[in-house]
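S.K.: need the 3D shape of this:
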Amino acid sequence: MTRLAIRKSGGASIVSIPKSVLKLVGLGVGSEVELSLENHRIVLTPIEKEVTLEDLLAGSPKEKLTLDTADREWLNITPKGKEI
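M.R.: Prediction:
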């Protein structure tokens, strides 16, 4: 168990969580958590970020985001039946 002290910073009371503890629970600076009280205990629960298309694209290799010749040909194919 790790003991921590509550300190004052500006108008807030803060607790510094050791880096090793954050790593164990998969959190870091900037992570969002929900604070709740359970049986007179303070509980912090990680808020799982919803992955957006923007997030996925940002993590994609740039060379995969361009159209090659095969992609352009496929996009320009004329419908053969009732596809559209």
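S.K.: all strands for the protein, in order.
M.R.: Along the chain, counting by DSSP state E, strands occupy 7-9, 12-14, 33-38, 41-46.
S.K.: which helices and strands does the third one pack with?
M.R.: The reference is to strand 33-38. strand 41-46 (3 or more C-beta pairs under 8 Å, 6 or more residues apart in numbering; DSSP states H and E). Glycine gets a C-beta too; all of them are placed from N, C-alpha and C.
S.K.: again with the last one
M.R.: The contact analysis (3+ C-beta pairs under 8 Å, 6+ apart) places strand 41-46 against strand 33-38.
S.K.: pLDDT on the strand it packs on, on average?
M.R.: In this model, strand 33-38 has a mean pLDDT of 97.
S.K.: so what strands line up beside that strand?
M.R.: If you go by DSSP bridges, strand 33-38 pairs up with strand 41-46 (antiparallel).
S.K.: in the strand it pairs with, which residues are buried?
M.R.: For strand 41-46, the neighbour count (16 or more other C-beta atoms under 10 Å) marks no residue as buried.
S.K.: same deal with stretch 47-63?
M.R.: Per 16+ other C-beta under 10 Å, stretch 47-63 contains no buried residues.
S.K.: present the strands of the chain as a markdown table; the columns should include distance to Ala58.
M.R.: Compiled in a markdown table, the strands of the chain are given as follows (distance: least, C-beta to C-beta, whole Å):
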| stretch | distance to Ala58 |
| --- | --- |
| strand 7-9 | 32 |
| strand 12-14 | 31 |
| strand 33-38 | 23 |
| strand 41-46 | 21 |
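S.K.: show me the one of the ones you listed that comes nearest Leu24.
M.R.: strand 41-46 (11.9 Å; C-beta to C-beta).
S.K.: check the offset of the closest one from the chain's centre.
M.R.: For strand 41-46, the separation from the chain centroid amounts to 19 Å (computed by C-alpha atoms, centre = their mean, to the nearest Å).
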